[in-house]
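> sequence plus predicted model, see below.
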Amino acid sequence: MDKALFGQVALVTGASRGIGRATAVVLAENGANVVLAARSAADLEETAKLVRSAGGKALAMATDVSDEDAVRNLVARALSEFGRVDILINNAGGNSRGPIASLSLAGWQMTWGTNTTGPFLLCREVLPAMQRQGGGKIINVVSGRGRQGGANSGAYSASKFGLVGLSQSLAEEVRDENITVSCVLPGPTDTELRRTGRPNEDKSLILRPEDVAEVILFLATRPANVYITEIPVRPRRYYTGIA
């Protein structure tokens, strides 16, 4: 196999399961060493085993991405261990479902903390290393809900719209520093977050985490002069909407 990412270091949040785990594995298969972050230490270790089996080195750190000190420690450990971060995948996600009229402030803040504040903190802490290196790739996993809101998804949709705005603003700030900022906007994907809200859904009709991971790999392996701002990803068989 052509190791397109040989020698590169990727940091993946939300890496304990779903899209994050699938992404970590496919990056390792393509030569990357991977820093893994999520809240669950036990699940992260399972991902780390898969990364090592795929040929990559793995550093797993239980991290709440909405915690500024935790993010600083994560990035510092990554740089201490590997000396660089070439690819940042902001994938960690949270959702407090329900109508806006009855949504708690705590639920709103949790959703924004994970989906928008977390990527902001990760970008801010990783950028100096990318600037010193002379380049890098930031890939933010958004959602179709980052382009169209929906009932009972007010906090989630707003936070994902916010992540798109953050991505676009940062992209303009670092355009001349060989750093690209791209968004992946998956449609319905078979993740734990989705299964919680839709336990009876036919999984054969929606995306697999591995499908989204392949799109992330595509972005991570583009030539330095190719800049793709965002890619919507939809299941082929039936999907016509967003959620």
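Received the coordinates, thanks.

> Arg145 versus Arg234, what's the distance?
13 Å (C-beta to C-beta, to the nearest Å). In this view, the C-beta of every residue, glycine as well, is placed from N, C-alpha and C.

> between those two, which is the more surrounded one?
Arg145 (23 against 17; other C-beta atoms under 10 Å).

> tell me who's in contact with the spatially most central residue of the chain.
For the chain, Asn91 is the residue whose C-alpha lies nearest the centre (C-alpha atoms, centre = their mean; 1.9 Å). Contacts of Asn91 were listed using C-beta atoms under 8 Å, 6 or more residues apart in numbering, and they are Val12, Thr13, Gly14, Ala15, Ile19, Gly20, Thr23, Val141.

> and it, how close does it get to Asp176?
When distance is defined by C-beta to C-beta, Asn91 is 27 Å away from Asp176.

> could you do Arg222 as well?
The value you get for Arg222 to Asp176, if C-beta to C-beta is used, is 18 Å.

> same question for Asp211.
In this view, Asp211 and Asp176 are 33 Å apart by C-beta to C-beta.

> who's more crowded, these two?
Neighbours around Asp211 and Asp176, counted as other C-beta under 10 Å, are more numerous at Asp211. The numbers are 18 against 7.

> contacts only, for the more buried one.
With contacts defined as C-beta under 8 Å, 6+ apart, the neighbours of Asp211 are Thr189, Val233, Pro235.

> what lies in contact with the longest strand anywhere in the chain?
Across the chain, the strand with the greatest residue count (assigned by DSSP state E) is strand 179-186. Residues outside strand 179-186 that contact it (C-beta under 8 Å, 6+ apart) are 19, 123, 127, 130-131, 135-144, 146-147, 163-164, 167-168, 170-171, 174, 207, 212, 215-216, 219, 222, 227-233.

> which of the residues you listed count as buried?
The neighbour-count test (16 or more other C-beta atoms under 10 Å) marks 19, 123, 127, 130, 136-144, 146-147, 163-164, 167, 170-171, 174, 207, 212, 215-216, 219, 230-233 as buried among the contacts of strand 179-186.

> restricted to helices, list these.
Within the buried ones among the contacts of strand 179-186, membership in helices is found for 19, 123, 127, 130, 163-164, 167, 170-171, 174, 212, 215-216, 219, as judged by DSSP state H.

> make a markdown table out of those and add distance to Ser53 and pLDDT.
Formatted as a markdown table, the entries for these read as follows, by distance: C-beta to C-beta, whole Å; pLDDT from 0 to 100:
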| residue | distance to Ser53 | pLDDT |
| --- | --- | --- |
| Ile19 | 19 | 96 |
| Cys123 | 30 | 98 |
| Leu127 | 31 | 98 |
| Met130 | 28 | 98 |
| Leu163 | 31 | 98 |
| Val164 | 35 | 97 |
| Ser167 | 32 | 98 |
| Leu170 | 34 | 98 |
| Ala171 | 35 | 97 |
| Val174 | 34 | 97 |
| Val212 | 21 | 97 |
| Val215 | 23 | 98 |
| Ile216 | 19 | 98 |
| Leu219 | 24 | 98 |
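
> columns distance to Phe82 on top of these, output as TSV?
What follows is those, written out as TSV (distance: C-beta to C-beta, whole Å):
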residue	distance to Phe82
Ile19	22
Cys123	18
Leu127	16
Met130	13
Leu163	26
Val164	29
Ser167	24
Leu170	23
Ala171	25
Val174	21
Val212	25
Val215	24
Ile216	19
Leu219	21
